[in-house]
Structures are given as structure tokens and as C-alpha cells.
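*Asks:* I would like the atomic coordinates for the input below:
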Amino acid sequence: MPSAQPRSATLRVLRAAVACALLGAALAASAQSPDSPPIEQQMSAAERAATGVDTLSPAQLAALNAWLNRKLDVETAKAAEVAKATVIEENRGLELFGSSEPIVSRIAGEFRGFGNGRTYTLENGQVWTQVDSATLAGVRKSNPTVSIKPSVIGKTWYLSIEGYNTRARVQRVK
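*Replies:* Numbering: from 1, shown residues only. Model prediction:
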């Protein structure tokens, strides 16, 4: 059974993802809303004069407002995609979240073999804890390359060290 810390981290991640999705939806809705005031109504008299907006014809103002709304729609969609990709990438390996692609990084510091309960901090900032009894004794390697791959079935992830055949079942804690 997963410990409280990973479940708590998963809930934080899911809340953040929902918040990002809601923010993206709100931005998209406001950008597409016919109730959005036109640019000339959002600017002060000084801003209209400084930008030349007050010299535009009604047709030019309508074209400018249409262009701004389209631009806002495109930029909002891009920002939502970047936010979604960032949330997925940062949370790979956490329960119920992220992609199932292998994670390749390096251990930050020295690797001293496998042991149940050991924690492995990666250069990418992820922290994984070993949750099985796999052993790899007598190994001392500085900043080794690691690969963490998901199992075919279930939510299990396995950490392996480049150059060794032994792998350990791990759980992401951060």
C-alpha cells in the first residue's frame, strides 16, 4: 500500500493540474467572450492617444479588436498546452499521473547499491524510494545514469543503473 507522503504529493499534483486546466479554460473563455470590451474601452485617453488608437476609423478599430481576440485565443491555447505538458513532465512517475515513458537521468551524488527503503535523488530533482528487497551490494558509482521504467501492467516503476542487470522497484516521493 502506498505511503501517505506519495498519496499527498499525488493529490497536490492533481489539484495543481485541475487549477491549471480551470485557469486555461477561464482565460480562453474571457478571450472568446463577446462581452469583452473592445480595446479602445480598456485604454485610458492617454493610452489611446499614445498608441494612435483614437485616430482609427470604426472599421479599423473593429479589425484591430478582431485581430486581438484571435491572437489572444491562439496565445491562450499555446499557454494551456505548455502548462499541461509541464505538469505532465514534472509529475511523471507519481501515482495516477504523467506519461508512461521511461525516465532517464543521473543519480545526484554517489550510488552505493540497492537496498529496501533507500532513497535515490536524481539530477532532474525527482526523488524515488526503493520499495522491494532487490540488492546490488559493493557498488560505488558517482553520478551513474539511471533509467526508471514503468511496468507493463499496474503502477509499478523499476530503477536500473547503467551497466548492471539488477533493477529495483521504486516509488516516486517527490
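*Asks:* The closest residue in space to L56 that isn't next to it in sequence: neighbour count?
*Replies:* Nearest non-adjacent residue to L56, counting by C-beta to C-beta, 6 or more residues apart in numbering: L64, 6.7 Å away. Glycine gets a C-beta too; all of them are placed from N, C-alpha and C. Neighbour count of L64, defined by other C-beta atoms under 10 Å: 15.
*Asks:* State whether L64 is indeed within a helix.
*Replies:* Yes: membership of L64 in a helix is supported by DSSP: H, G, I helix; E, B strand; the rest coil.
*Asks:* Mind telling me which residue is nearest the centre of this structure?
*Replies:* By C-alpha atoms, centre = their mean, the chain has its centre lying nearest to V87, at 1.9 Å.
*Asks:* roughly how far apart are it and S105?
*Replies:* 19 Å (C-beta to C-beta, to the nearest Å).
*Asks:* next one: K141
*Replies:* The value you get for K141 to S105, if C-beta to C-beta is used, is 14 Å.
*Asks:* What of L56?
*Replies:* 54 Å.
*Asks:* residue boundaries of the strands in the chain?
*Replies:* Under the criterion DSSP state E, the chain contains strands at 103-106, 110-111, 119-121, 127-130, 141-142, 145-150, 157-161, 167-172.
*Asks:* Tell me the strands beside the fifth one, with direction?
*Replies:* If I follow you right, that is strand 141-142. As defined by DSSP bridges, the strand partners of strand 141-142 come to strand 110-111 (antiparallel).
*Asks:* same check, this time on the fourth one
*Replies:* Next to strand 127-130 in the sheet, as set by DSSP bridges, lie strand 119-121 (antiparallel), strand 167-172 (antiparallel).
*Asks:* What's opposite L159 in the beta bridge?
*Replies:* Where L159 sits in a bridge, its partners, by DSSP bridges, are I148, A168.
*Asks:* show me the contacts for it.
*Replies:* Y120, W128, Q130, V146, S147, I148, R167, A168, R169, V170 (C-beta atoms under 8 Å, 6 or more residues apart in numbering).
*Asks:* cool, and V146?
*Replies:* V104, S105, R106, I107, Y120, L122, L159, S160, I161, E162.
*Asks:* run the last query once more with 6 Å
*Replies:* Shown in contact with V146 (C-beta atoms under 6 Å, 6 or more residues apart in numbering): S105, I107, L159, I161.
*Asks:* which one of those is nearest E75?
*Replies:* S105 (31.9 Å; C-beta to C-beta).
*Asks:* So what sits opposite that closest one in the bridge?
*Replies:* Counting by DSSP bridges, the residues bridging with S105 are V146.
*Asks:* what domains does the record give for this structure?
*Replies:* With domains defined by automatic domain parsing, the chain comprises 4-90, 103-172.
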